[in-house]
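S.K.: Fold the following and give me the result.
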Amino acid sequence: MRKYQFLLFIVFILTAGCTSSSSEPSEKTNPIHISNVSTKHSYDQSYANQAKSTLAQKKNVTKVFAVNSDKLLMIAIDVPHHERLQLKKYEKKLTKEMKKKFKKTSLKVEVSSDQKILWKLEQLEEEIRNGSISKKELKKKLEDISKLMKEKT
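M.R.: Next comes the predicted model:
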């Protein structure tokens, strides 16, 4: 009788451990939310919106923020944690792709996966959406962020 109970207990543990758990969220159930930045102000953000919609379709991109001035398109991406080992290679690939996409324009394209850059561009997008930033301030902030991108930490 003891052996039978022990065997039943082992079978129960094995079947309980092998069931699929739905407690982990699926990657596809949490789509990327992209907010287009206004193009009605004196600074046109249509290039930034194009870049965001293109990069949002990538399976390894979880967040995208982009802002452009007359001469510079700055893009910040966030990737899942398990993809961080290949981060520089992935960033280089996306930079090449974005440069190819905007080759006909006179824009300098910069792509970063740095969290600080992501945060700064998110704030800048919010300021543009609110209309609380001038074109001159936008250029200055983009230059500052560009300098941050080039710093080696």
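S.K.: how about the strands of the protein, start to end?
M.R.: Counting by DSSP state E, the chain has strands at residues 63-68, 72-78, 108-112.
S.K.: Reformat those strands as TSV; add mean neighbour count and mean pLDDT.
M.R.: To be clear about C-beta, it is placed using only N, CA and C from the backbone, and glycine gets the same treatment. As requested, the strands of the chain are arranged in TSV below (neighbours: other C-beta atoms under 10 Å; pLDDT from 0 to 100):
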stretch	mean neighbour count	mean pLDDT
strand 63-68	25	94
strand 72-78	24	93
strand 108-112	21	92
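S.K.: Can I get those in a markdown table including distance to Lys100?
M.R.: Shown next, in a markdown table, are these (distance: least, C-beta to C-beta, whole Å):
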| stretch | distance to Lys100 |
| --- | --- |
| strand 63-68 | 16 |
| strand 72-78 | 13 |
| strand 108-112 | 9 |
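S.K.: so which of those comes closest to Lys120?
M.R.: Counting by C-beta to C-beta, Lys120 lies closest to strand 72-78 out of those; the figure is 7.8 Å.
S.K.: So what touches that closest one?
M.R.: In this structure, residues lying in contact with strand 72-78 by C-beta atoms under 8 Å, 6 or more residues apart in numbering are 47-48, 51-52, 55, 61-68, 91, 94, 98, 102, 107-115, 117-118, 120-122, 142-143, 145-146, 149.
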